[in-house]
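Enquirer: pasting the structure only:
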């Protein structure tokens, strides 16, 4: 992302009353445990690292969209 990183974007989405209910799936090449924890802290619904198979992403989407 050219103007901000994904963690900042996630934080902005999750702290705006209009968009806070939108699920956010972080897609990144960085799989460090710290990044995963930071994404959870920022409100991300899921985290997936590259490379991944399309099925993995679809499974993650299904998981995030399951009714609570």
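Expert: Alright, I've got the coordinates. Here the structure is a predicted model, which is why all the values come from computation and not from measurement.
Enquirer: contacts and neighbour counts: CA atoms only from here.
Expert: Noted.
Enquirer: In this protein, where is pLDDT below threshold?
Expert: When residues are selected by pLDDT under 70, those of the chain lie in 68.
Enquirer: Please, where are all the helices along it?
Expert: 6-14, 33-42, 54-65 (DSSP state H).
Enquirer: What helices and strands are in contact with the second one?
Expert: Helices and strands in packing contact with helix 33-42 are listed as helix 6-14, strand 46-49; criterion 3 or more CA pairs under 8 Å, 6 or more residues apart in numbering; DSSP states H and E.
Enquirer: Please tabulate these in TSV, including the columns mean neighbour count.
Expert: Shown next, in TSV, are those (neighbours: other CA atoms under 10 Å):
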stretch	mean neighbour count
helix 6-14	17
strand 46-49	17
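Enquirer: Please tabulate these in JSON lines, including the columns distance to residue 40.
Expert: Converted to JSON lines, the helices and strands packed on helix 33-42 look like this (distance: least, CA to CA, whole Å):
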{"stretch": "helix 6-14", "distance to residue 40": "9"}
{"stretch": "strand 46-49", "distance to residue 40": "8"}
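Enquirer: Quick one: closest of those to residue 67.
Expert: Closest of those to residue 67 is strand 46-49, at 15.0 Å (criterion: CA to CA).
Enquirer: For residue 49, see how far away residue 37 is.
Expert: Distance of residue 37 to residue 49, given as CA to CA, to the nearest Å: 14 Å.
Enquirer: One more: residue 30?
Expert: From residue 30 across to residue 49, the span is 6 Å (CA to CA).
Enquirer: same deal with residue 41?
Expert: 17 Å.
Enquirer: just residue 62 next, same as before
Expert: Taken as CA to CA, the span from residue 62 to residue 49 is 17 Å.
Enquirer: So which of the helices and strands packed on helix 33-42 is nearest residue 25?
Expert: strand 46-49 (4.7 Å).
Enquirer: Describe which strands the closest one pairs with in its sheet and in which direction.
Expert: Note on strand 46-49: by DSSP bridges, its sheet partners are strand 25-28 (parallel).
Enquirer: Which parts of the partner strand count as buried, going by neighbours?
Expert: 25-27 (16 or more other CA atoms under 10 Å).
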